[in-house]
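1. My questions concern the predicted model and sequence given below.
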Amino acid sequence: MAILEFSGVTVSAKANVYFEGRVVSHTVVLADGSRKTLGLIYPGEYHFATGAPERMEIVAGSCAVCIDGAEAWKSYGPDSAFDVAGDSGFTIRVDSGLAEYVCSFG
């Protein structure tokens, strides 16, 4: 289950905006220095490259994901997560509504 609240954090007010505003997130730095992003994905299909390993937790809504190198798409809804290796990538598709997520790095 995704953590829905974070205490003792620093939040960047400047948004990370991708795909002409169709994917928007804010960076959160936890007390231990680890970094997460909290965001929204609007309907559409988007590809992201990863530098470091990422864990995407879906908080609300639904999406389908195809990890680079895989042939099959997998569906994810609230309280589900997927992992992506570093120096890789994934394509994420939202068919309707919004997908809300928490992304952890490293």
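-> Nice, thanks for sending it over. Numbering: from 1, shown residues only.

2. how about the nearest residue to residue 77, chain neighbours excluded?
-> Spatial nearest neighbour of residue 77, chain neighbours left out: residue 62 (4.4 Å); criterion: Cβ to Cβ, 6 or more residues apart in numbering. C-beta: built from backbone N, CA, C; applies to glycine.

3. correct me, but the one you found touches residue 92?
-> No - judged on Cβ atoms under 8 Å, residue 62 makes no contact with residue 92 at a distance of 10.8 Å.

4. between the two, what contacts are shared?
-> Common neighbours of residue 62 and residue 92, counting by Cβ atoms under 8 Å, 6 or more residues apart in numbering, are residue 99.

5. where do the strands sit along this structure?
-> 10-11, 16-18, 23-29, 35-41, 44-50, 54-60, 63-67, 74-76, 80-84, 88-94, 99-105 (DSSP state E).

6. Out of these, which gets nearest to residue 4?
-> Of all the strands of the chain, it is strand 54-60 that lies closest to residue 4, at 6.7 Å by Cβ to Cβ.

7. Buried residues, the closest one. List them.
-> 54, 56, 57, 58, 59 (16 or more other Cβ atoms under 10 Å).
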